[in-house]
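> pasting the sequence and the predicted coordinates here, then a few questions.
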Amino acid sequence: GSSQSTRFTAAHQIGEIAKSHPQDLPSLLKKVSQYLRSKNWDTKVATAHAIGAIAENVNSFNVNKVLDFGALLAFGGQ
């Protein structure tokens, strides 16, 4: 397993990827969000931090995409 510090660092790095490659936002969100369904609580928390880091690193237009994607997931969509 990894430490909480390692997971937070990874989440920050994922946010930097979103900032550097905004055109890949839908693909990145799809890949990251699959871990929200993990049975492991630490994995879910790390995923939430990663999604938060993504939202912090994209412009306001893309934040709406992040929020729309999150709403879709909340209702069981993919």
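Yep, that arrived. Residues are numbered from 1 along each chain as shown.
> going forward, measure contacts between C-alpha atoms and count neighbours the same way
Noted.
> can you pull the contacts of R37?
With C-alpha atoms under 8 Å, 6 or more residues apart in numbering as the criterion, the residues that contact R37 are K44.
> need the phi and psi values for S38.
phi -60, psi 150 (degrees, to the nearest 10).
> which of the helices or strands spans the spatially most central residue of the chain?
With distances taken as C-alpha atoms, centre = their mean, I51 lies nearest the centre of the chain, 2.5 Å away. I51 belongs to helix 41-56 when elements are defined using DSSP states H and E.
> which helices and strands sit right next to that helix?
Packing partners of helix 41-56 (3 or more C-alpha pairs under 8 Å, 6 or more residues apart in numbering; DSSP states H and E): helix 4-20, helix 25-33, helix 60-74.
> at 7 Å instead, please
helix 4-20 (3 or more C-alpha pairs under 7 Å, 6 or more residues apart in numbering; DSSP states H and E).
> pLDDT of the helix it packs on, averaged?
Model confidence over helix 4-20, given as mean pLDDT, is 91.
> next one: stretch 41-53
The average of the pLDDT scores along stretch 41-53 is 91.
> run through who's touching that stretch.
R7, F8, A11, H12, I14, G15, V32, S33, Y35, L36, S38 (C-alpha atoms under 7 Å, 6 or more residues apart in numbering).
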